[in-house]
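Trainee: What follows is a predicted structure for the sequence shown.
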Amino acid sequence: AQSVTQLGSHVSVSEGALVLLRCNYSSSVPPYLFWYVQYPNQGLQLLLKYTTGATLVKGINGFEAEFKKSETSFHLTKPSAHMSDAAEYFCAVSEQGAQKLVFGQGTRLTINP
Amino acid sequence: DSGVTQTPKHLITATGQRVTLRCSPRSGDLSVYWYQQSLDQGLQFLIQYYNGEERAKGNILERFSAQQFPDLHSELNLSSLELGDSALYFCASSAQPGLATDTQYFGPGTRLTVL
């Protein structure tokens, strides 16, 4: 069975600082990996996804993530945090060919002025 | 705006009651997914439909049922409601389920409160 672990339920960074949100997954087959963002009282919005090919994936709003098979990780980064990045971030995995998403518990990102 | 619509936005009801949540997918998407987001369980996949047929089932209780209609909208029916059913219910839709190019687009959710 697939699973996702997000290290840190809450992360706080200063405006302009590096954002690093950690995600590790387990999957018995090559996975598809996703990061979604949820702003307060809104649905989930796709930030980026990895399916095949280049392991460094660039997404919206300056975010990127790197698929590291040897570490079973898919950490999300952004070089410089902005106040508007405050939200909850979810890492998700699906099996190739399967459709359901398996989500991590989420990481709430707070940006300090 | 993802293009996925869900109604109602909020629903408050009592234990033992039955409710129906409605979802309209993005134009052209044939697949609809239902997810439940609760404080203790997180975000969990419930069920998926593709062009009117059930495609995959997750942690959906027997008290819950869903269907997708010929116009592709979907309804999630929750019956014999319990306090623990209070959660945010999301609908998502996609065009090419299972393919690398596929993306699930999420609606704004229906917040269910069971008193």
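Mentor: Arrived safely, thanks for sending.
Trainee: Could you count how many residues lie near residue A:66?
Mentor: 15 (other CB atoms under 10 Å in any protein chain shown). For the C-beta atoms, the positions are set from N, CA and C on the backbone; glycine is no exception.
Trainee: Touching, it and residue A:59? I think so.
Mentor: No: Residue A:66 is beyond contact range of residue A:59, at 11.7 Å (criterion: CB atoms under 8 Å).
Trainee: Now the residue nearest to the spatial centre of chain A. Nearest residue, chain neighbours left out?
Mentor: In chain A, the residue lying closest to the centroid (CA atoms, centre = their mean) is residue A:35, at 3.5 Å. Spatial nearest neighbour of residue A:35, excluding adjacent residues (CB to CB, 6 or more residues apart in numbering or on different chains): residue A:47 at 4.4 Å.
Trainee: Am I right that that neighbour is in contact with residue A:59?
Mentor: Yes: counting by CB under 8 Å, residue A:59 is a contact partner of residue A:47 at 4.3 Å.
Trainee: Looking at those two, which has the bigger crowd around it?
Mentor: Neighbours were tallied for residue A:47 and for residue A:59 using other CB under 10 Å; the higher tally belongs to residue A:47 (24 against 17).
Trainee: coming back round to it: pull up the overlap in contacts between residue A:47 and residue A:59.
Mentor: Common contacts of residue A:47 and residue A:59, defined by CB atoms under 8 Å, 6 or more residues apart in numbering or on different chains, comprise residue A:35.
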